[in-house]
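1. Sequence isn't available, so here's the structure alone:
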């Protein structure tokens, strides 16, 4: 069963670990035919690189940093002081990675169905000569 066919993944929220979401992303990409799937991290910035359809892709993600959102308070009333911040950040990171995994599944499902191409779905993340992505080139504009 491929990651896209697994419906149990869609029923979970912040109870799904960051590691499990990353594994899900990797399995989905590999199941699609991507190679050289790599995750890296520096501080709050993460990158995912992979090769597919003869191109290299690099997706750079900035993890959530503030714990002050009203929507992130669920279940934290019993945690005190600095633990609230740590717990809230952990829950935000879990939600972030879960949402990214779902977005990746949706993109790959659209490609598989022939609705779009891989290049059009991940165009901003195509690595150009000079090791910059399309997004890197366009962002200053």
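-> Thanks, I have the structure now. Predicted model, so just to flag it, every value in this text is computed and none were measured. Numbers count the residues shown, from 1 in each chain.
2. Quick check: closest non-adjacent residue to residue 46.
-> Leaving out its chain neighbours, the residue that sits closest to residue 46 by Cβ to Cβ, 6 or more residues apart in numbering is residue 61, at 4.7 Å. For the C-beta atoms, the positions are set from N, CA and C on the backbone; glycine is no exception.
3. so that neighbour touches residue 100, yeah?
-> Yes: counting by Cβ atoms under 8 Å, residue 100 is a contact partner of residue 61 at 6.7 Å.
4. Just want to know which of the two has more residues nearby.
-> residue 100 (18 against 14; other Cβ atoms under 10 Å).
5. quick one: the more buried one is in a strand?
-> No: going by DSSP: H, G, I helix; E, B strand; the rest coil, the assignment for residue 100 is helix, not a strand.
6. ok, back up a step: and the contacts of the helix or strand harbouring the residue nearest to residue 46?
-> Residue 61 is located in strand 55-62, with elements delineated by DSSP states H and E. With contact meaning Cβ atoms under 8 Å, 6 or more residues apart in numbering, strand 55-62 is reached by 44-51, 96, 100, 119, 122, 125-127, 133.
7. which of those residues are buried?
-> Buried residues within these, defined by neighbour count using 16 or more other Cβ atoms under 10 Å: 46, 48-51, 96, 100, 119, 122, 125-127, 133.
8. Is it possible to get a markdown table of these that adds pLDDT and secondary structure?
-> Output for the buried ones among the contacts of strand 55-62, formatted as a markdown table (pLDDT from 0 to 100; DSSP: H, G, I helix; E, B strand; the rest coil):
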| residue | pLDDT | secondary structure |
| --- | --- | --- |
| 46 | 93 | strand |
| 48 | 97 | strand |
| 49 | 97 | strand |
| 50 | 97 | strand |
| 51 | 97 | strand |
| 96 | 91 | helix |
| 100 | 94 | helix |
| 119 | 93 | helix |
| 122 | 96 | coil |
| 125 | 96 | helix |
| 126 | 96 | strand |
| 127 | 97 | strand |
| 133 | 95 | strand |
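9. need the helices for this structure, in chain order.
-> Using DSSP state H, the helices of the chain run over 18-32, 82-112, 118-121, 134-138.
10. Need these in a markdown table (columns: distance to residue 55).
-> Formatted as a markdown table, the helices of the chain follow (distance: least, Cβ to Cβ, whole Å):
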| stretch | distance to residue 55 |
| --- | --- |
| helix 18-32 | 13 |
| helix 82-112 | 13 |
| helix 118-121 | 7 |
| helix 134-138 | 11 |
